[in-house]
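**Student:** can you look at this prediction? I've put the sequence above it.
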Amino acid sequence: ALEIMDPAQRGMSKLINMTAAYLHNQGQLDKAEPLLIEAMLARRESLGDSHQNTLQAVSNLAMLLHDKGDYTQAQPLFEEAVKGLRSALGDTHASTATATSHLAQLYETKGQLDLALSLYSDALSARRRTLGDTHLDTLHAINKLGKLLEQKGDLSGAEALISEGFEACKQTLPADHKFRLAMQNNLGMLLLTSKEYGRAQILLEGVLSVYRRTLGDEHPSTLTALANLSSLHQATGNLDESSAYLSEALSARRRIYGTHHPDTLLCMNNLGTLYQAAGSHQESARLYEEVAEISERTLGKFHPRTLSTINNLVHLLAEMREYSRAVPFAEAYLEAMRRKHGTRHPHSQTASRNLAFMRGRAVDPDWTPERAAVGEEPRLNPASPWTKATNGRRCYYWRNSPSDRSLDPPTEGVKRVQEETAAEFEKEYDRLLRMQEMVETGRLNPQSSWTKYTNGGRVFYGNSDGPTLQEPLEGIKEEREMARHIFD
């Protein structure tokens, strides 16, 4: 296939590809990438764009880019390889089927599941025709298509395929073969999703038993099997058994990876969720707080895993009625939602309502937005249902005393308060919208020193000459007051 190259070129090409493949397999992607680019360009120049070896080099580079997460550059290379190999070698050739499967995997990663389904089906059909139903490459194709069907919600279709693949594995592979165990685990987890718990338990316990015997109690595959069995027992309501499996996995992860490893933190978070479901709230809160603190330090305060744990902790502390303890976590979560989505996004509004609830309950354990009293903090909270109701020209109030929380039509004595409160909120709400518009147009930047100084009672503002710091002019006094209100 390399007959157009002279012997020196052939030798160098093979060496470059072998070195790049080794580096790729070792995870040294940045070192492998320039070698794969060099190999691809050399083959384009000496063999042409449509030669099968050139197309294989194109596919190799695309696979590396996919593994780096550079899907934009990987996709056209994969598509070129599949189109060229189909033309040069036919649809059923092994190289074509492999490239087709890789392109399907890219589409799956990008969430283009229908395109992925079509290509996975093509690859499986090619494997069946050329290799037979029980060849290992065919079984890999069956597994990929089955998992995609499960992802799309076609559980019966997925079960039929993965069951077929597992039965073939039992006929052709030993009980401790890596791929056979993977198929057994995939079928067990699919049955768990389908709520066929009895069948799932037999398969998953079998996987764990083989891993313990062949790999040891602390191998990553063993730990994953423990977590899967924990999920099964949690689904069946056997929380004690579930926590025992997950606690074993967590202890091993702490010993092997340390507390700061992302997999350890994820396991801790899951165990916290399990403890919460079992009613062990103090243990759950302890784990959530530990995960939140470490995640903020190692992953960052706005990382999705950090925020997920903080949100779990807020709801747990509310369930425990420890509202004062929940407030700083609710504040951190609201800050992240506003930074990520803006103030008017539903996630931000939900987080803001939750914070208002925590603050209210921290002052009065029986506080509800509906019975917020005129003159009581929080009197005007733009995020709470109470102020939204006020904005709609309604006013909730205490009729006689804090112990009498009934809601009646307003009497003559409270009509004025009702009207004034509604008008005050209407004005405040309009200011909030104007402030949001200023933020979105760049006049106010919540991350800038301008807003920080505003929060301290001073104001940076821009004019035609650029940003300056001066005493506020008459024309911007209202903006200053708006900014102080919103950022305080």
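**Tutor:** Happy to help now that I have it.
**Student:** only C-alpha atoms for contact and neighbour calcs from this point on.
**Tutor:** Fine.
**Student:** so what's the nearest residue to residue 312 once chain neighbours are set aside up against?
**Tutor:** Closest residue to residue 312 apart from its sequence neighbours, by Cα to Cα, 6 or more residues apart in numbering: residue 288 at 7.5 Å. Residue 288 makes contacts with 268-269, 272, 309-310, 312-313, as judged by Cα atoms under 8 Å, 6 or more residues apart in numbering.
**Student:** redo those residues as CSV? Include neighbour count.
**Tutor:** Formatted as CSV, the contacts of residue 288 follow (neighbours: other Cα atoms under 10 Å):
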residue, neighbour count
268, 26
269, 26
272, 28
309, 27
310, 26
312, 20
313, 28
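**Student:** between those residues, which is closest to residue 338?
**Tutor:** Lowest distance from residue 338 to these (Cα to Cα) belongs to residue 310, with 15.0 Å.
**Student:** show me what contacts the closest one?
**Tutor:** 288-289, 292, 329-330, 333 are the contacts of residue 310 under Cα under 8 Å, 6+ apart.
**Student:** would you mind measuring from residue 250 to residue 194?
**Tutor:** Counting by Cα to Cα, to the nearest Å, the gap from residue 250 to residue 194 is 27 Å.
**Student:** about what we covered before: state the distance from the residue nearest to residue 312 to residue 253.
**Tutor:** Residue 288 is 17 Å from residue 253, where distance means Cα to Cα.
**Student:** which outside residues touch the helix or strand harbouring residue 246?
**Tutor:** Using DSSP states H and E, residue 246 sits within helix 239-257. Helix 239-257 is touched from outside by 218, 223-224, 226-227, 229-234, 259, 263-264, 267-268, 271, 274-275, 278, with contacts defined as Cα under 8 Å, 6+ apart.
**Student:** try 10 Å
**Tutor:** Contacts with helix 239-257, where a contact means Cα atoms under 10 Å, 6 or more residues apart in numbering, come from 217-220, 222-236, 258-261, 263-268, 270-272, 274-275, 277-278.
**Student:** center of this protein, which residue is that?
**Tutor:** residue 304 (6.2 Å; Cα atoms, centre = their mean).
**Student:** neighbour count for residue 250 and residue 194, which is higher?
**Tutor:** Between residue 250 and residue 194, residue 250 has the larger neighbour count (other Cα atoms under 10 Å), namely 24 against 14.
**Student:** please tell me how far that one sits from residue 256.
**Tutor:** For residue 250, the distance to residue 256 - Cα to Cα - is 10 Å.
**Student:** just residue 27 next, same as before
**Tutor:** 20 Å.
**Student:** picking up where we left off before, now restrict the contacts of helix 239-257 to buried residues only.
**Tutor:** 217-220, 222-223, 225-234, 259, 264-268, 270-272, 274-275, 278 (16 or more other Cα atoms under 10 Å).
**Student:** out of those, which are inside helices?
**Tutor:** Within those, residues falling in helices by DSSP state H are 220, 222-223, 225-234, 264-268, 270-272, 274-275, 278.
**Student:** returning to what we had before: now pLDDT too, for the contacts of residue 288, in TSV please.
**Tutor:** Putting the contacts of residue 288 into TSV (pLDDT from 0 to 100) gives the following:
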residue	pLDDT
268	94
269	92
272	93
309	93
310	94
312	93
313	94
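**Student:** thank you, goodbye.
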